[in-house]
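> here's my sequence, what's the structure:
(one chain, ligands or ions: 1)
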Amino acid sequence: MQLTEATLEQHWMPFTNNREFKREPRMFVRAAGMYYWNQQGGKVLDGSSGLFTTAAGHCRPEIAKAVNEQLQTLDFTPSFLRGHSGAFELANAVAELTPKHLDHVFFCNSGSEAVDTAIKIAFAYHLAHKEAQRTYLISRERAYHGVNMGGTALSGMVKNREAFGAVMPGVLHLRHTLLPENRFTRGMGEKGVELADDLLRFVQLVGEKRIAAVFVEPIAGSTGVIVPPRGYLQRIREICDRYGILLVFDEVICGFGRTGDSFAASSFGVTPDMITMAKALTNGAQPMGAVAVRDSIYRTIVDSAPDGAPEFFHGYTYSAHPAACAAAIATLKIYETERLFAKGRELAPYFLDELFGLRDLPVVADVRGFGLLAGVEIKPGAAPGLRGTELQAKLFDRGLHVKTTGDVAIIAPAFIATRAEIDQLTAILRDALKEY
Ligand code: PLP
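Coordinates of the predicted model:
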């Protein structure tokens, strides 16, 4: 099909300025390893693993083969009342990677669905153990928990909320932890642990037994990489324990090696009651999300239901889709056989050194990072976000794909990256940033 301005109109692109894109489309036509190719045949280094998805590099033949074979053997299984072995194999493989006791896995098709599923599990759990009065949810300013209705209500990013009304009442937001005192800190900042006590204030505000769950991204990714202050997650965990509140880590970006371990829960030494995940679960090759749930939550919901009916009235037609399971099983095998989480961990100090090296540029307002995830924030132009948008276009035209949010470039290379590719990435960034 010949793509012209007219034929580009029908696809309403998500989180995109459609008018701008359709005037000047920036398309990809092919990908392999660390690179994309654009429609002019130019090679583009992938600095954000697609959208934090493609941690093992693009177009892995092992994944393509597994999906192809699956689609020729068993293309679809009804997800309610019927099963297929891949779903169980994958749930076991995921449970091997999650912290101890988070051994039950509910599958869905995206990070947004994982978040909304976790909200419903939290409410179902409290109902099952006779605390249905726990109707409040706690999130944080600057949080991103996807775009479904629950995730929109949890959102702490104004543009993701303001057009959509009060989608769900009863959500309170802790203050974010992006503090000027922690600017240019590698890893966890020393300041800000006391911000966790906002949760105590909410307990005092709404009542000791009114909060169902707290949702936290261990590192807030989409908002521009906010690494938690030292001790912050531990303190949130302690308060949750004291008041019977469930703690949910949204690891849609952090999960599967981004912080150097299977999950950020392990990197930060804090075990939540649920973990939401998606993205790198299938290396981005198939849409899939999941929620890992603590044994006691699963048992309470399942054992308190009457015989003969579903215990949890929730699920998707495509929950544990056979092709997505095949992709995820193949992906987890690659992570294991190539020791990719360890490789990412080993590369991280070099990666952070290089990115923190950009701080001498006048336009750079902050650099933050942990593992293979870093944010480079630039001083705003005429209005917040304008420079960020301009920057990602400049980078693309120089051969680097990077996700930006507002005025922050979010860098998250695949774990297969070499030092030479990190050098190339920072050189292109430097070259573009120098223009300001
Ligand atoms: N939660 C977090 C922490 C995310 O970063 C994202 C996406 O970036 C989501 C949820 C939503 O995931 P999806 O876009 O797959 O719905």
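
> could you pick out the residues of the stretch 151-300 of the chain near the ligand for me?
Proximity of the stretch 151-300 of the chain to the ligand (CB under 6 Å from any ligand atom) is limited to residues 217, 221-222, 250, 252-253, 278. Just so you know, the C-beta spots here come from the backbone N, C-alpha and C atoms, and that holds for glycine as well.

> got TSV for the residues you listed, with pLDDT, neighbour count and secondary structure too?
TSV is the format used below for these (pLDDT from 0 to 100; neighbours: other CB atoms under 10 Å; DSSP: H, G, I helix; E, B strand; the rest coil):
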residue	pLDDT	neighbour count	secondary structure
Glu217	98	26	coil
Gly221	97	24	coil
Ser222	96	24	coil
Asp250	98	32	strand
Val252	98	29	coil
Ile253	98	29	coil
Ala278	98	29	coil
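
> tell me the one among the residues you listed nearest to Thr73.
Distances from Thr73 to these, taken as CB to CB, are shortest for Ala278 (24.8 Å).

> and the residue of the stretch 1-150 of the chain that's closest to the ligand?
Gly111 (2.2 Å; CB to the nearest ligand atom).

> residues making contact with the worst-scoring helix or strand of the chain on mean pLDDT?
Using mean pLDDT, DSSP states H and E, helix 5-8 stands out as the lowest-scoring helix or strand of the chain, at a mean of 87. Outside helix 5-8, the residues that touch it by CB atoms under 8 Å, 6 or more residues apart in numbering are 1, 21-23, 25.

> what do you get for stretch 189-205?
In contact with stretch 189-205 (CB under 8 Å, 6+ apart) are residues 136, 138, 172, 174-177, 179, 181-182, 211, 214, 227-233, 235-236, 239-240, 243, 245.

> I'd like the next helix or strand past the helix or strand Ala114 falls within.
Using DSSP states H and E, Ala114 sits in helix 111-128. Sequence-wise, the next helix or strand downstream of helix 111-128 (DSSP H and E) is strand 136-140.

> give me the sheet partners of that following strand and which way each runs.
strand 171-174 (parallel), strand 211-216 (parallel) (DSSP bridges).

> does any part of that strand sit near the ligand?
No: judged by CB under 6 Å from any ligand atom, strand 136-140 stays clear of the ligand, getting no closer than 11.0 Å.

> which single residue of the stretch 201-350 of the chain ends up nearest the ligand?
Val252 (3.5 Å).

> who's in contact with that residue?
Going by CB under 8 Å, 6+ apart, Val252 touches 52, 111, 114-115, 146, 217, 221, 276-279, 289.

> neighbours around the nearest residue to it once chain neighbours are set aside, how many?
In this structure, Val252 finds its nearest non-sequential neighbour in Gly111, 3.5 Å apart by CB to CB, 6 or more residues apart in numbering. For Gly111, the tally of surrounding residues (other CB atoms under 10 Å) stands at 31.

> now swap in Arg201 and tell me
11.

> helix or strand: which one has it?
helix 198-206.

> how about low-confidence regions in the stretch 251-400 of the chain?
Of all residues in the stretch 251-400 of the chain, none has pLDDT under 70.

> contact partners of the helix holding Ala114?
Contacts of helix 111-128 (CB under 8 Å, 6+ apart): 106, 108, 132, 134-135, 137, 145-151, 154, 212-213, 215, 246, 248, 250, 252, 274, 276-279, 289-291, 293, 297, 300-301, 304-305, 312, 314, 316.

> just the residues you listed: which are in helices?
Using DSSP state H, the subset of those located in helices is 149-151, 154, 297, 300-301.

> list just the nearest of these to Ile411.
Out of the ones in helices among the contacts of helix 111-128, the member with the shortest distance to Ile411 (by CB to CB) is Gly151, at 24.1 Å.

> run a quick neighbour tally on the closest one.
29.

> what's the distance between it and Leu178?
Per CB to CB, to the nearest Å, Gly151 is found 20 Å from Leu178.

> and the nearest residue to Cys59 once chain neighbours are set aside, what's its pLDDT?
With CB to CB, 6+ apart as the measure, Ala32 is the residue that lies nearest to Cys59, at 5.0 Å, once sequence neighbours are left out. pLDDT for Ala32: 98.

> what is the neighbour count of Ala32?
12.

> the host helix or strand of it: how far from the chain's middle?
Assessed by DSSP H and E, Ala32 sits inside strand 28-32. In this view, strand 28-32 has its centroid 23 Å away from the chain centroid, taken as CA atoms, centre = their mean, to the nearest Å.

> contact partners of that strand?
Residues from elsewhere that reach strand 28-32 (CB under 8 Å, 6+ apart): 36-39, 44, 46, 54, 57-59.

> apply 6 Å and report the result again.
36-37, 39, 58-59 (CB atoms under 6 Å, 6 or more residues apart in numbering).

> and of these, the nearest to Leu355?
Within the contacts of strand 28-32, the smallest distance to Leu355 is 20.7 Å, found for Tyr36 (CB to CB).

> OK, contacts around that closest one?
28, 44, 46.

> buried ones among those residues?
For the contacts of Tyr36, a neighbour count by 16 or more other CB atoms under 10 Å gives the buried set as 44, 46.

> just put the contacts of Tyr36 in CSV and tack on distance to Glu354.
Compiled in CSV, the contacts of Tyr36 are given as follows (distance: CB to CB, whole Å):
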residue, distance to Glu354
Phe28, 25
Val44, 19
Asp46, 16
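
> restrict the contacts of Tyr36 to those near the ligand?
Of the contacts of Tyr36, not one also sits near the ligand (CB under 6 Å from any ligand atom).

> from the contacts of Tyr36, which is closest to Pro99?
Asp46 (29.8 Å).

> partner residues bridging that closest one?
Under the criterion used (DSSP bridges), Asp46 bridges to His401.

> might one say that it is in contact with His401?
Yes: counting by CB atoms under 6 Å, Asp46 does reach His401; the two are 5.2 Å apart.

> residues near the residue nearest to Met34 when sequence neighbours are not counted, how many?
Counting by CB to CB, 6+ apart, the nearest residue to Met34 once its immediate chain neighbours are dropped is Glu421, at 5.4 Å. Each residue near Glu421 was counted by other CB under 10 Å, and the total is 20.

> appreciated, that's everything.
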